[in-house]
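In: Need a 3D model of the following:
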Amino acid sequence: MTKTNEELKQIAVDLYDGKIFCDKHIFNLNDYKNLVPMIFMPLALGVLSEMDKEEVKDIGLIYEYNDQAGPRGINGYPMFMSCRYLSKKDTNTMFDIYTEYKTLKDKFINGEKNDRT
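Out: Below you'll find the model as predicted:
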């Protein structure tokens with residue numbers, strides 16, 4: 001389940017650019033447990049039962065690319081017949097990269113100069 005730094009970088013960029021939907025997009029924590037398996041259908045169909053319990057405990061992010069969404073949605077969220085996972089460690093690393101990418105992009109968009117100009 002461990003990803004390379006390049007893979008995590010691509011996930012961070014794609015998440016920032018809106019190409020990925022993840023479980024962190026569900027803001028209502030009361031609905032989280034009910035909605036996640038409805039959004040990511042493999043979870044409702046028992047895909048986690050095929051994984052080792054330690055692997056399941058180590059899931060830090062559940063995500064899928066938006067172009068994989070089905071034609072229907074649930075409560076305004078997309079529905080996927082597939083999903084991907086990141087470990088907790090990889091999730092933390094990916095969000096560090098995400099934050100760095102966001103900062104660089106914000107600086108570029110706002111016309112802020114960096115050390116090289």
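
In: drop to CA atoms for contacts and neighbour counts, all remaining ones
Out: Fine.

In: who's in contact with Lys89?
Out: With CA atoms under 8 Å, 6 or more residues apart in numbering as the criterion, the residues that contact Lys89 are Gly60.

In: Pull out the buried positions in the helix or strand containing it.
Out: Here Lys89 sits within helix 88-109, counting by DSSP states H and E. Using 16 or more other CA atoms under 10 Å as the test for burial, helix 88-109 gives Asp90, Thr91, Thr93, Met94, Phe95, Ile97, Tyr98, Tyr101, Lys102.

In: For Leu61, state which of those is nearest.
Out: Thr91 (6.2 Å; CA to CA).

In: Tell me which stretches of the protein form strands.
Out: For the chain, the strands identified by DSSP state E occupy 20-22, 59-65, 69-74, 77-80, 84-87, in order along the chain.

In: What is the longest one packed up against?
Out: Yep, that's strand 59-65 we're talking about. When contacts are defined as 3 or more CA pairs under 8 Å, 6 or more residues apart in numbering; DSSP states H and E, strand 59-65 packs onto strand 20-22, strand 84-87, helix 88-109.

In: wait, which of the buried residues of helix 88-109 is closest to Gly70?
Out: Gly70 lies nearest to Thr91 out of those, by CA to CA, at 25.1 Å.
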